[in-house]
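Novice: Here's a sequence, model it:
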Amino acid sequence: MLTSYELRKIAQELRISIIEMLYKAGSGHPGGSLSCVEIITVLYERFLNIRPEEPCWPERDRFILSKGHAAPALYAILARKGFIAKEKLNTLRQLDSPLQGHPCMFRLPGIDMSTGSLGMGISVGVGMALAAKLTGKKFRVFVLCGDGEMQEGQNWEALMSAVKWKLDNLMVIIDQNGVQLDGTVEQIMPLGDLVAKLKAFGLYTVECDGHDVDALVEAIQNAIDYSGPSAIIAKTVKGKGVSYMEGQAAWHGKPIAEEEYKRAIMELNKYL
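Specialist: Model (predicted):
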């Protein structure tokens, strides 16, 4: 089992891969990709039961990146786990590349659901989790959402369904970085007390620091141990790790210039 230090190191290496991918592509979404790195690292390195050599293994755990614009973070961990060759990362967003701006399940192994339009991941996760129950499968379903997409009503209908069907094999993780495309979540459409809302809907709900790997491990394990659907609110920083990107809506989706790229890599390398 990897140590906390090793998990933090992997997360930082993934951040470097993300910046390199986006710089070479000349487009993409840095902010939300960088904010969810520790979440994805902990899931793939500590919890997901998967087989890179058998991507469609029926008993595998399912992972849905509902915030599909954070695809670079997902591609980076898939390459690390052996689902795709690391050289493929250099083809992000290029014509005919399987690594498109949002993940496509028909073009890349290790993708359980094509995502892009926000707000649909939890609904799909409910369907997968319910299918597991009906067929006697033991796999779990993990859905990673952005806090901005929780403004969409479909999510709340899906959560009601998860509670009704007692889907203890479903976990929703919300990357609460507080910033979306056009500004802060509070400016665009305040979510209010998200913890209270999720609890009122009947989910086991816990908050944690989304950049603290130990806190994430504890929160996820506690949620797994609960006998019902669960939600984790992981409090993060948009653009985490690159000082000029942190907390800035402008870096939701913006090309990285050469000098910006050099500065980002220099800052990230300090912590390796």
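Novice: Mind listing what's buried along stretch 5-14?
Specialist: By neighbour count with 16 or more other Cβ atoms under 10 Å, stretch 5-14 contains the buried residues Leu7, Arg8, Ile10, Ala11, Gln12, Glu13, Leu14. No exception for glycine: its C-beta is placed from N, CA and C like everyone else's.
Novice: Over to stretch 172-190?
Specialist: Val172, Ile173, Ile174, Asp175, Gln176, Asn177, Gly178, Val179, Gln180, Val185.
Novice: mean confidence for it?
Specialist: Per-residue pLDDT over stretch 172-190 has a mean of 96.
Novice: re the thing from before, biggest separation within the buried residues of stretch 172-190, which pair?
Specialist: Within the buried residues of stretch 172-190, two members stand farthest from each other by Cβ to Cβ: Val172 and Val179, at 19.7 Å.
Novice: For Leu203, give me its contacts.
Specialist: Leu203 makes contact with Leu159, Ala162, Val163, Val172, Gly228, Pro229, Ser230, Ala231, according to Cβ atoms under 8 Å, 6 or more residues apart in numbering.
Novice: likewise Ala11?
Specialist: Val37, Glu38, Thr41, Val213.
Novice: between those residues, which is nearest Gln248?
Specialist: Of these, the one sitting nearest to Gln248 (Cβ to Cβ) turns out to be Val37, at 16.9 Å.
Novice: any idea which of the contacts of Leu203 is closest to Val217?
Specialist: Val217 has its nearest neighbour among the contacts of Leu203 in Ser230, at 14.5 Å by Cβ to Cβ.
Novice: what about that closest one, how many neighbours?
Specialist: 25 (other Cβ atoms under 10 Å).
Novice: That one contacts Phe201, doesn't it?
Specialist: No - counting by Cβ atoms under 8 Å, Ser230 does not reach Phe201; the two are 11.5 Å apart.
Novice: Phi first, then psi, for Val179.
Specialist: phi -130, psi 140 (degrees, to the nearest 10).
Novice: nearest residue to it other than its sequence neighbours?
Specialist: Distances taken as Cβ to Cβ, 6 or more residues apart in numbering place Lys238 nearest to Val179, at 4.2 Å, with adjacent residues excluded.
Novice: if we can go back for a sec, turn the contacts of Leu203 into JSON lines, including secondary structure and distance to Ala219.
Specialist: Formatted as JSON lines, those follow (DSSP: H, G, I helix; E, B strand; the rest coil; distance: Cβ to Cβ, whole Å):
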{"residue": "Leu159", "secondary structure": "helix", "distance to Ala219": "18"}
{"residue": "Ala162", "secondary structure": "helix", "distance to Ala219": "18"}
{"residue": "Val163", "secondary structure": "helix", "distance to Ala219": "19"}
{"residue": "Val172", "secondary structure": "strand", "distance to Ala219": "12"}
{"residue": "Gly228", "secondary structure": "coil", "distance to Ala219": "15"}
{"residue": "Pro229", "secondary structure": "coil", "distance to Ala219": "15"}
{"residue": "Ser230", "secondary structure": "strand", "distance to Ala219": "9"}
{"residue": "Ala231", "secondary structure": "strand", "distance to Ala219": "10"}
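Novice: Generate a ChimeraX selection restricted to the buried entries among these.
Specialist: Per 16+ other Cβ under 10 Å, the buried members of the contacts of Leu203 correspond to this ChimeraX selection:
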select :159,162,172,229,230,231
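Novice: List just the nearest of the contacts of Leu203 to Gly146.
Specialist: Val172 (11.6 Å).
Novice: ok now do that closest one, which residues does it touch?
Specialist: Val172 touches Ile122, Gly125, Val143, Cys145, Leu159, Leu203, Pro229, Ser230, Ala231, Ile232, counting by Cβ under 8 Å, 6+ apart.
Novice: about what we covered before: the buried residues of stretch 5-14 into a markdown table, with extra columns for secondary structure?
Specialist: A markdown table is the format used below for the buried residues of stretch 5-14 (DSSP: H, G, I helix; E, B strand; the rest coil):
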| residue | secondary structure |
| --- | --- |
| Leu7 | helix |
| Arg8 | helix |
| Ile10 | helix |
| Ala11 | helix |
| Gln12 | helix |
| Glu13 | helix |
| Leu14 | helix |
